[in-house]
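Colleague: Sequence first, then the predicted structure:
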Amino acid sequence: MAKIEHLTEETFKQKVFNWEANKEWKFEGDLPCMIDFYADWCGPCKMVAPILEELQDEYKGKLNIYKVDTEDQRRLSQMFGIQSIPSLLFVPMNEQPQMAMGALPKETFKRAIADVLKVAAN
């Protein structure tokens with residue numbers, strides 16, 4: 001299983017969005033991505049974690065999946081107005097990102113990956 005990378009403000013600016021350089025949304029990544037805003041104490045987040053690991057393997061090379069620890073990265077969480085966790089940010093290559101809330105089933109994630117990120121499974 002590939003390990004999912006945890007983003008800090010610094011790596012977020014390199015891989016997703018550099019808010020210091022750009023006022024308007026500009027995606028910095030080279031593959032569409034999903035970002036899981038979570039916390040260690042959150043039960044539903046723990047349910048989503050293995051699903052995201054499976055998806056990362058299934059979409060290898062087509063999609064990046066990242067995690068942001070809302071306890072550790074408070075400023076990032078505030079920037080995206082995270083109120084409830086898990087919250088998942090779907091970031092397509094050339095469109096505005098879209099947020100989904102809650103522990104979603106795997107099929108729902110796959111639909112969102114197809115519809116929002118325009119990525120088909122391997």
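Modeller: Thanks, I have it.

Colleague: For the protein, give me the ranges with low pLDDT.
Modeller: 1-2 (pLDDT under 70).

Colleague: again, 90 this time
Modeller: 1-3, 23, 121-122 (pLDDT under 90).

Colleague: hey, where'd the helices end up in it?
Modeller: 9-15, 43-58, 74-79, 106-115 (DSSP state H).

Colleague: and the angle from the last one to helix 43-58?
Modeller: Pointing back at helix 106-115 there. 50 degrees (axes from the mean of the first three to the mean of the last three CA atoms, to 10 degrees).

Colleague: Can you name the residues in contact with helix 106-115?
Modeller: The contact list for helix 106-115, computed with CB atoms under 8 Å, 6 or more residues apart in numbering, reads 34, 51-52, 54-55, 59, 63, 88, 90, 98, 100, 104, 119-121. Using the backbone N, CA and C atoms, a C-beta is placed for each residue, glycine as well.

Colleague: which of the residues you listed sit farthest apart?
Modeller: 54 and 98 (21.3 Å; CB to CB).

Colleague: you'd agree residue 25 is up against residue 18?
Modeller: No - taking contacts as CB atoms under 8 Å, residue 25 lies outside contact range of residue 18: 10.5 Å.

Colleague: re the thing from before, which among the contacts of helix 106-115 gets closest to residue 71?
Modeller: residue 88 (17.1 Å).

Colleague: what separates the closest one from residue 118, distance-wise?
Modeller: Using CB to CB, to the nearest Å, residue 88 is found at 17 Å from residue 118.

Colleague: Chain neighbours aside, what residue packs nearest to the spatially most central residue of the chain?
Modeller: For the chain, residue 35 is the residue whose C-alpha lies nearest the centre (CA atoms, centre = their mean; 1.0 Å). Excluding the flanking residues, the one nearest residue 35 by CB to CB, 6 or more residues apart in numbering is residue 89, at 4.3 Å.
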